[in-house]
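# Here is my input, please return the structure:
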Amino acid sequence: MAFTLGACAEMLWQDKPIEWRCTRLHEMGFQVGLWNWPDHDLEKLERSGAAFSIMNGYLKGRLADDEGADMLLASARETAEVGKRLGVARLNLHGTGLGEGGRPVLAEVATPRKWVKALDTLNRICDLAEELDVIFTLENLNLPVDHAGVPFARAEETLALVSSIDRPQLRLNLDLYHAQIGEGNLIELCRACLPWIGEIQVADVPGRCEPGTGEINYAGVARALRAMGYDGPVGMEAFASGDPEVALEAFRNAFSNIT
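The predicted structure follows:
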């Protein structure tokens with residue numbers, strides 16, 4: 001049983017063109033995660049030879065109000081067509097639109113009425129995904145450090161939404177960096193989320209660099225995931241503390257050399 005490993009291209013080799021980064025990740029045996037597709041030349045991405053694991057699945061919109069939901073659905077449709085062109089496996093969503101530095105375009109409190117609207121919006125996303133034969137994920141974020149004001153940010157909230165929808169077109173993007181900052185208890189969180197996980201993302205805390213640079217025992221997490229029977233994608237959404245290739249090998253070792 002082996003995990004499928006990928007890494008976020010935007011966070012590595014930041015002095016290199018994005019297509020170079022994608023090609024190098026492919027050469028090293030990693031799939032490639034992307035952020036926003038309009039930032040890149042799609043033809044160059046296609047020529048990179050990379051297998052794209054995940055990409056932001058929208059450019060604007062929100063889950064929990066009528067205007068935001070309509071914007072989200074329109075943006076998700078456009079992005080899904082690009083994702084199909086690139087062969088992206090999963091299209092990622094958040095509780096609301098994110099702006100500069102990951103701050104929410106509209107800070108919100110998730111009231112009961114907004115929960116009902118978010119569920120309706122996500123069901124509409126699933127209808128779109130079924131029509132276009134794509135898969136969306138909903139990612140947890142952290143509030144204390146990176147994403148203050150984002151509604152539905154905690155993993156317990158994204159799990160509640162995705163498990164309530166319980167449709168194969170919507171999975172969890174379980175980000176363990178964010179979860180460690182916001183909630184902790186990562187192995188039990190993975191166990192609770194397991195039936196709905198589409199991808200697991202990792203970075204160490206503090207610093208958001210590769211496994212082994214902070215407090216998280218990622219080798220222990222990897223052993224626990226294997227014992228649970230998880231063999232899906234694991235993506236390093238992290239900066240490199242030094243040489244990106246050394247950082248990627250540290251990530252590979254944490255999730256490959258499991259005893």
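
# When you work out contacts or count neighbours from here on, use the C-alpha atoms and nothing else.
OK.

# contacting residues around the residue nearest the centre of the chain?
Among the residues of the chain, the one closest to the centroid is N173, at 4.7 Å (C-alpha atoms, centre = their mean). Contact partners of N173, counting by C-alpha atoms under 8 Å, 6 or more residues apart in numbering, are N92, T137, L138, E139, N140, I197, G198, E199, I200, Q201.

# Which phi and psi values does the last one adopt?
This means Q201. phi -110, psi 150 (degrees, to the nearest 10).

# burial count for it?
By the other C-alpha atoms under 10 Å criterion, the neighbourhood of Q201 contains 21 residues.

# Verify the contact between it and Y177 for me.
Yes. The pair Q201 / Y177 is scored as a contact, 7.5 Å apart, by C-alpha atoms under 8 Å.

# Compute the distance from the centre of stretch 83-92 to the centre of its chain.
13 Å (C-alpha atoms, centre = their mean, to the nearest Å).

# how long is stretch 56-74 from one end to the other?
Taking C-alpha to C-alpha, to the nearest Å as the measure, stretch 56-74 stretches 14 Å from start to finish.

# which intervals of the chain have sub-threshold pLDDT?
By pLDDT under 70, the weakly predicted segments of the chain are 1, 259.

# show me where it has helices.
18-27, 42-47, 66-86, 112-132, 155-165, 176-182, 186-193, 218-228, 244-256 (DSSP state H).

# Identify each buried residue in the shortest one, please.
Applying a neighbour-count criterion of 16 or more other C-alpha atoms under 10 Å, one finds L45, E46 buried in helix 42-47.

# which other helices and strands contact it?
Here helix 42-47 touches helix 18-27, helix 66-86, going by 3 or more C-alpha pairs under 8 Å, 6 or more residues apart in numbering; DSSP states H and E.

# Of these, give the one that comes closest to L12.
Among the helices and strands packed on helix 42-47, the nearest to L12 by C-alpha to C-alpha is helix 18-27 (7.4 Å).
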